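*Asks:* Sequence first, then the predicted structure:
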Amino acid sequence: MNALRLFIFAALSGLLISATSAFALDRFVSSGADKLVIKGYATTSYFSDGTPKQGSAAHTVTWKGVNWRFATAADAVKFKANPSAFAPQFGAYCTGGLSQRHVVTGNPKIWRMHKGKLYLFFARAGAKRFDRDPEGTIAKASAFWKTLDVKDR
């Protein structure tokens, strides 16, 4: 799928949120009734294993009003000690989308690490653009992120 078709798909799927919306954006995108961040993947696994691993309901931590799952109790403890060190940047929204001034949910299976921070993307094309200019993409995403009405729970 090319980038335009992905954009249209996201818009029609309700995954794209208008920057002019009258509502506040949640600090972390979450899914389901249990408010799972990154669809229940263990955010610590990106850092320790270099790959996303599904977390367990037995090892859940609530932080910033959403639930984070971990593969082990030790990983949950590690997260509790310094959650902001492991949390995905831009609230798990797509870094590439934000750099292009739109809000799209990030996919936990499409990610990049840069300078010790985790970035998620909606599509592989966004991750590839990030690879070409991570600093520029982050700067553009950050500038747009600062204009959004982001609320902590």
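*Replies:* Nice, thanks for sending it over. Please read all numbers here as calculations on a predicted model, not as lab measurements. Numbers count the residues shown, from 1 in each chain.
*Asks:* When you work out contacts or count neighbours from here on, use the C-alpha atoms and nothing else.
*Replies:* OK.
*Asks:* Residue 48 versus the nearest residue to residue 140 once chain neighbours are set aside, what's the distance?
*Replies:* For residue 140, ignoring the flanking residues on the chain, the nearest one in space by C-alpha to C-alpha, 6 or more residues apart in numbering is residue 99 at 4.6 Å. Using C-alpha to C-alpha, to the nearest Å, residue 99 is found at 27 Å from residue 48.
*Asks:* repeat for residue 148
*Replies:* According to C-alpha to C-alpha, residue 148 and residue 48 sit 31 Å apart.
*Asks:* Equivalent analysis for residue 128, please.
*Replies:* Note on residue 128: its distance to residue 48, by C-alpha to C-alpha, is 23 Å.
*Asks:* thinking again about what came up before, more neighbours: residue 148 and residue 48, which one.
*Replies:* residue 148 (15 against 10; other C-alpha atoms under 10 Å).
*Asks:* quick one: secondary structure of that one?
*Replies:* Here residue 148 is recorded as coil under DSSP: H, G, I helix; E, B strand; the rest coil.
*Asks:* Residue 99 - how many residues pack around it?
*Replies:* Applying the criterion other C-alpha under 10 Å, we find 21 residues in the vicinity of residue 99.
*Asks:* The residue nearest to residue 140 contacts residue 135, correct?
*Replies:* No. Assessed by C-alpha atoms under 8 Å, residue 99 is found out of contact with residue 135, at 10.8 Å.
*Asks:* Provide the strand pairings for the helix or strand that contains residue 61, with the direction of each partner.
*Replies:* Using DSSP states H and E, residue 61 sits within strand 56-63. Strand pairing for strand 56-63, using DSSP bridges, gives strand 66-70 (antiparallel).
*Asks:* which other residues reach the strand it pairs with?
*Replies:* Strand 66-70 has contacts (C-alpha atoms under 8 Å, 6 or more residues apart in numbering) with 28, 30, 34-37, 40-44, 54-57, 59-62, 76.
*Asks:* sorry, back to before: okay, buried residues for the strand holding residue 61 please.
*Replies:* 56, 59, 60, 61 (16 or more other C-alpha atoms under 10 Å).
*Asks:* mind listing what the third one touches?
*Replies:* The reference is to residue 60. Neighbours of residue 60 in contact, by C-alpha under 8 Å, 6+ apart: 67, 68, 69, 70, 76.
*Asks:* who's it bridged to?
*Replies:* Note on residue 60: beta-bridge partners by DSSP bridges are residue 69.
*Asks:* Sweet, I'm off.
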